[in-house]
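What follows is a predicted structure for the sequence shown.
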Amino acid sequence: MVIRGKAPYGKGMVMYPAELVLILAALLDYGIGDPWDWWHPVQVMGWLISRYTQLALKALNSPIALRLAGVGLGVGLIVGSGLIGWLIVAGAKQFHPLAGLATEVIMLASCFAGRSLRDAANEVLEPLQAGNLAEARSRLSRYVGRDTENLSEPEVLRAVLETVTENATDGVMAPLFYAIAGAMIPVIGSVPLALGYKAASTLDSMVGYRDLPYTHLGWFSAKLDDGLTWIPCRLVVLTLSIVSGKPRRVWQICWRDASKDLSPNSGWSEAAYAAALGVQLGGTNWYRGVAKQKPLLGDATRAIAPDQIFAALHLTRQCFVMWLAIAVLALWLRSWLN
């Protein structure tokens with residue numbers, strides 16, 4: 001499905017509708033996800049962050065210098081990722097429209113983590129449901145920062161559900177939000193904004209800590225990721241309140257519990273899912289042998305079980321499809337009106 005018209009890359013170029021890119025990227029992520037042996041943009045981002053961080057921490061000592069270096073890292077990686085994504089897509093479009101479409105779809109699908117999140121949950125739940133707690137702990141350690149060696153079965157289930165609910169926003173819904181925003185601006189497109197957000201999220205996960213040695217170097221990345229995720233997170237809560245059929249309950253729990261979390265976003269995301277599922281998240285986590293108390297979110301109406309984890313994944317898919325459908329309809333109407 002292509003249309004011919006003026007485009008930012010030249011007159012008369014064969015173009016394809018932005019909604020087609022969104023739909024195909026969503027289907028690609030749902031069907032394939034991110035195979036472990038495939039190259040992924042986040043790998044490159046992670047390597048660049050790691051190298052930059054090593055050099056900055058070695059060369060700089062003062063808090064001010066490290067903060068300035070953190071600003072340079074954040075702005076450089078986010079803007080650079082978006083610009084490189086735009087150039088790659090533009091070059092592919094110049095070569096051939098189908099090459100442009102394939103490139104844009106693949107790059108955008110790499111920004112969505114819906115299939116990866118589902119696979120990660122299943123990978124841990126499979127041995128757990130088979131009675132192999134040790135293997136479930138080992139697999140869980142690949143996805144969480146907390147100590148997993150001594151976790152009980154209920155604690156493993158809580159860790160999986162917390163991972164699924166927190167990453168539903170920054171790994172699935174927020175990238176879609178920025179992909180839709182980019183699709184609304186033809187000269188930019190979905191890929192640059194989605195990649196830019198992915199860079200911000202990767203920065204936050206790697207250096208956005210209050211603890212040394214990242215206290216000063218990572219402050220900008222942490223604040224920027226919080227700001228970029230704020231609107232998508234609240235829209236996720238709104239959407240969850242609708243698709244779960246419990247709007248009053250979701251907002252009631254979020255207003256009561258979300259602010260207990262130091263993060264302006266993860267508390268809202270986890271509290272919304274906790275309310276929708278009727279479970280309680282949070283509690284004592286151990287990190288390198290040190291206990292940290294996470295705020296309790298939601299009410300323990302029922303114990304966390306695999307069914308609740310699968311339900312959380314299903315709710316995320318429903319939210320994703322709702323946003324995608326609204327975006328496709330809006331883009332189609334804009335094209336039809338023009």
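That came through, no problem.

Check the spacing between the nearest residue to Glu166 once chain neighbours are set aside and Ile49 real quick.
Spatial nearest neighbour of Glu166, chain neighbours left out: Ser266 (4.9 Å); criterion: Cβ to Cβ, 6 or more residues apart in numbering. Using the backbone N, CA and C atoms, a C-beta is placed for each residue, glycine as well. Distance of Ser266 to Ile49, given as Cβ to Cβ, to the nearest Å: 20 Å.

quick one: contacts for the most centrally placed residue in the chain?
The centroid of the chain falls nearest to Gly171 when counting by Cα atoms, centre = their mean (1.4 Å). Contact analysis of Gly171 by Cβ atoms under 8 Å, 6 or more residues apart in numbering lists 113, 116-117, 201.

Repeat that for Gly91.
Here Gly91 is in contact with no residue (Cβ under 8 Å, 6+ apart).

sorry, back to before: count the residues that sit near the residue nearest to Glu166.
22 (other Cβ atoms under 10 Å).

what's the answer for the one 4 residues further on, then?
Under the neighbour criterion other Cβ under 10 Å, Glu270 is assigned a count of 28.

Show me what the host helix or strand of it is packed against.
When elements are assigned from DSSP states H and E, Glu270 belongs to helix 266-277. Where contact means 3 or more Cβ pairs under 8 Å, 6 or more residues apart in numbering; DSSP states H and E, helix 266-277 is packed against helix 153-167, helix 219-243, helix 247-257, strand 281-287, strand 290-297, helix 306-337.

quick one, which of those is nearest to Gly100?
Closest approach to Gly100 among the helices and strands packed on helix 266-277 (Cβ to Cβ): helix 306-337, 17.3 Å.

pLDDT value on Val124, please?
In this model, Val124 is scored at 96, pLDDT.

what angle sits between the helix or strand harbouring it and helix 306-337?
Applying DSSP H and E as the criterion places Val124 in helix 114-129. Following axes from the mean of the first three to the mean of the last three Cα atoms, to 10 degrees, one obtains 170 degrees for the angle between helix 114-129 and helix 306-337.
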